[in-house]
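Trainee: pasted the sequence and its predicted model underneath.
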Amino acid sequence: GVFSFQRFIWHIFNEIGHGSRETLSESGQVMLLHKIMNDMKPGFKYYQDSSQYIKFSKKVLDMLKEFRTYQVTADDIGLVTSEKERYQDKLYDLTHIYKYWLEQIELHNIEDLNIINTFMDVLDLHPDVKSLKDAVIYIDGFHNFTESEFQLIARLSKRVKTINVLLTHKGENKTLFRKTDASIERLQELLGSAVKIVHFEDQFRRSGKMGLIQLEEYFSDNRPMTLYDGIKITESPNIIDEVTNVAREIERLTADGDVNYNDIGILYRDQGYIQHIHSIFRRFDISYHVDCKVPMYSHPFIRFIVAVLECYMRKFDFTALMDVLKTEYLTDDTERDFIFQFENFALERGLTRSALFKDELFTVRKIRSAEGQIIEKDVTEEVRDLLDFKNKVLTQLSDLFNRFDEAATVKEYITIIHGFITEHGIDARIEAEIGHLEEMDAIIKRDETEQAYNQFIRLMDDAYIVFKEDAVTFDIFYETFKDGLLNAEFNLL
C-alpha cells in the first residue's frame, strides 16, 4: 500500500488494536487551548491580555505542534533562561501552558498532537506485528524529516526487513541539498553502519519528446531551448479565450475515449484563472478538480449556522437576521419573495432588533395627499402574508434564543442547536440536497455539502469533549465554535 506516516500508523493500529482515545480536530484543539488559557489567565506573567483572543490560541497550538513534533518537553523550555525579563516571563507562561495542556489531554483521554510518539510507545508493547515482519518499506517524496519521524524510522528499522529512503541529491551542490545532507547525517547518527548509501547515476526522462526534455532542462539548468517537439503554443487575446481554447482541446482529446479527464493536468498562472475555469468548464460539461484550499464558509449551511449564532449575539440585528434568511434553510422556495419584501420594508423604515417584532411599523405607509400633506395609510391587508412570514421566522429564532438564555453549559448549547436543526427539518433538507446533487452528478457540490454538515457535527463533538458539563458563558462557546466553522476547509482531493 501507499501511506503517509499517519496512515501507516493507523494501518498498524487497526491490526494490533489501540486503546480508544478522543481525537480532536484542529478546531477542537484550539477550543481546548482557549479554555485552558482562560482558566490560567490570573497566573500569567506576560500573556494575560493575549489569552482572551482566539487567534492567540491558534499561535500557541502551532508552537505545541512544533514542540511535540521535535520532541521538546516542557522541562526543556523551562531550562531556557534570558536576562530580558519580558522574554523570561513569556517562557514561564509557555512552560505552564504546555504542562497544563499535557495534564488536560491525559485527564480527558485526548490523542496527542503528534501520534508518532503514541505509536512508538504502543509498538514497544507488541513485539510481534504481522504487517511488519519481513516488510520492505520505501520512503519517498521527502527531503528532510522531523525528529519524531527520524526516531520512528530508527524504531522500525529494528522490526522490518529493510527500509529504503529515497532522497534527491547532487554531490557537487552542498548548499542546495543541505537538508538532504542533514537527513543522511541524522540517520547515520541513529543507525550507524546500518546505513548504506546507493547512488543512482541514470538520468530519468519524463518524456521521450525532445521538446519536453529541453523544457525540463530549461527549468532545472536554465539551458536554452532549440526544439519544440511535444509542445504546442496557442496565443489568446485574454483569459476567457485562453481557458475556452483549453476546454476545446480537452474536448477534442477525450472525444474518442483514448484520453480520460484524469490524464490531463492544467497549470494556471494565478488565482484569477479559477473563476473562469469554473464557469467555462461547466459550460463544456468537463469534470475537473482545482487543487486549492476552499473555505467551508463558502457553503450556505455553514453560513447559516454562523449567522444564527451571530443573530443571537447581536440581539436580532437586521444584517445578521438577513444573513440567516438568505441561506433559505428556514424558508421554502415559495417564500423567497417574502425575504426580499421583508428586507425592503425594514431598510425603508430603518428597522432593526426589537422594532422588527412590531407589526404596526410594517402596516403603515406614508404617502403624500393631493394637498401635498404626508398622511399615513393602513396597509395591513396588503402585507398580511408578509407579516405571517416575518412572525413565523422571528418566533422560530426567538424560541431558540430563549433556550440559549436558560442554558449554562456547552452540552446544553449543542443539544439546543442540534434540536433546532432537527425540529425544523434542516438535517433532512441537507440529506435531500446531497441525494439530489448525486443524481445530478454534481460530485464536488455533493462532497462539499456532506463535509460541511459533518464538520458541524464534528465541532459539536469537539466542544463536548473539551468543555463536558462545565459551566461556560455563551460568549466563549460562540467564539470558539464560530472560529472552527470559519477556518474549516474542504478536502476535495
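Mentor: Right, received. Where do you want to start?

Trainee: just give the nearest non-adjacent residue to Glu217, would you?
Mentor: Nearest residue to Glu217 in three dimensions, chain neighbours excluded: Arg223, at 4.5 Å (CB to CB, 6 or more residues apart in numbering). For every residue, glycine as well, the C-beta is placed using N, CA and C.

Trainee: assign a three-state SS to that neighbour, would you?
Mentor: Recorded secondary structure, Arg223: coil (DSSP: H, G, I helix; E, B strand; the rest coil).

Trainee: any idea of the mean pLDDT in stretch 448-466?
Mentor: Average pLDDT, stretch 448-466: 95.

Trainee: burial count for the residue nearest to Glu217?
Mentor: As a burial measure, Arg223 scores 12 neighbours (other CB atoms under 10 Å).

Trainee: please, where are all the helices along the stretch 51-200 of the chain?
Mentor: Assignment of helices within the stretch 51-200 of the chain using DSSP state H, counting those that start in this stretch yields the ranges 54-69, 74-78, 85-107, 115-124, 147-157, 178-191.

Trainee: sorry, back to before: I'd say the residue nearest to Glu217 and Gln214 touch.
Mentor: Yes: with contact defined as CB atoms under 8 Å, Arg223 counts as touching Gln214 (7.0 Å).

Trainee: between the two ends of stretch 375-382, how far is it?
Mentor: With CA to CA, to the nearest Å as the measure, stretch 375-382 spans 17 Å from end to end.

Trainee: name the surrounding residues that touch that stretch.
Mentor: For stretch 375-382, contacts defined as CB atoms under 8 Å, 6 or more residues apart in numbering pick out 363-369, 387.

Trainee: list the buried residues of it.
Mentor: By neighbour count on 16 or more other CB atoms under 10 Å, the buried set for stretch 375-382 is empty.

Trainee: over to stretch 10-22?
Mentor: 12-13, 18.

Trainee: want to try CSV for those residues, with secondary structure, distance to His199 and pLDDT as columns?
Mentor: Listed next are the buried residues of stretch 10-22 as CSV, based on DSSP: H, G, I helix; E, B strand; the rest coil; distance: CB to CB, whole Å; pLDDT from 0 to 100:
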residue, secondary structure, distance to His199, pLDDT
Ile12, helix, 32, 92
Phe13, helix, 36, 91
His18, coil, 39, 75
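
Trainee: what about the residue lying closest to Arg368 once chain neighbours are set aside, how many residues nearby?
Mentor: Nearest residue to Arg368, sequence neighbours excluded (CB to CB, 6+ apart): Ile374, at 6.0 Å. Residues contacting Ile374 under the criterion other CB under 10 Å number 8.

Trainee: likewise for Lys161?
Mentor: Lys161 has 11 neighbouring residues, counting by other CB under 10 Å.

Trainee: can you read off the backbone torsions of the residue nearest to Arg368?
Mentor: Here is the backbone geometry of Ile374 (degrees, to the nearest 10): phi -80, psi 120.

Trainee: same thing with Asp39?
Mentor: Dihedral pair for Asp39: phi -70, psi -40, per degrees, to the nearest 10.

Trainee: work out for me the element Leu437 sits within.
Mentor: Taking DSSP states H and E as the definition, Leu437 sits inside helix 426-439.

Trainee: chain center to that helix, what's the gap?
Mentor: Mean C-alpha position of helix 426-439 versus that of the full chain (CA atoms, centre = their mean, to the nearest Å) differs by 22 Å.

Trainee: just to revisit the earlier point, out of the contacts of stretch 375-382, grab the one that's most surrounded.
Mentor: Counting neighbours by other CB under 10 Å, the top entry in the contacts of stretch 375-382 is Thr363, with 18 neighbours.

Trainee: re earlier: pull the residues that contact whichever helix or strand comes after the helix holding Leu437.
Mentor: For helix 426-439, the following helix or strand on the C-terminal side (DSSP H and E) is helix 443-467. Contact with helix 443-467 is made by 22, 24-25, 27-28, 31-32, 35, 108, 110, 287, 289, 294, 296, 299, 301-302, 305, 409-411, 413-414, 417-418, 427, 430, 433-434, 437-438, 477, 480-481, 484-485, 488, 490-492, as judged by CB under 8 Å, 6+ apart.

Trainee: which residues sit in contact with Thr162?
Mentor: By CB under 8 Å, 6+ apart, the residues touching Thr162 are 136-137.

Trainee: may I have the beta-bridge partners of it?
Mentor: On the basis of DSSP bridges, Thr162 is bridged to Val136.

Trainee: for the closest residue to Tyr228 other than its chain neighbours, the count of nearby residues, please.
Mentor: Spatially, and ignoring its direct neighbours in sequence, Tyr228 is nearest to Gly211 (4.3 Å; CB to CB, 6+ apart). By other CB under 10 Å, the residues close to Gly211 number 16.

Trainee: is the residue of the chain positioned farthest from its centre in a helix, a strand, or coil?
Mentor: Distance from the centre of the chain peaks at Glu371, with 62.9 Å (CA atoms, centre = their mean). Here Glu371 is recorded as coil under three-state DSSP.

Trainee: where does the protein have low pLDDT?
Mentor: Applying pLDDT under 70 to the chain picks out residues 1-2, 19, 171-173, 202-205, 492-493.

Trainee: swap in 50 and give it another go.
Mentor: Counting by pLDDT under 50, the chain contains no low-confidence residues.

Trainee: quick one on the thing from earlier: pull the most distant pair out of the contacts of stretch 375-382.
Mentor: For the contacts of stretch 375-382, the farthest-apart pair by CB to CB is Ser369 and Leu387; their separation is 25.6 Å.

Trainee: this protein: strands as residue ranges?
Mentor: Remark: strands assigned in the chain by DSSP state E are 136-139, 162-165, 364-368, 374-378.

Trainee: Thr244 is nearest to which of these?
Mentor: Taking CB to CB, strand 136-139 is the member of the strands of the chain nearest to Thr244, at 42.6 Å.

Trainee: and that closest one, how far out from the chain middle?
Mentor: Centroid separation between strand 136-139 and its chain, computed with CA atoms, centre = their mean, is 30 Å.

Trainee: so what's the residue nearest to Tyr228 up against?
Mentor: Here Gly211 is in contact with 225, 227-231 (criterion: CB under 8 Å, 6+ apart).

Trainee: what's the answer for Leu227, then?
Mentor: Listed by CB under 8 Å, 6+ apart, the contact set of Leu227 reads 210-211, 214.
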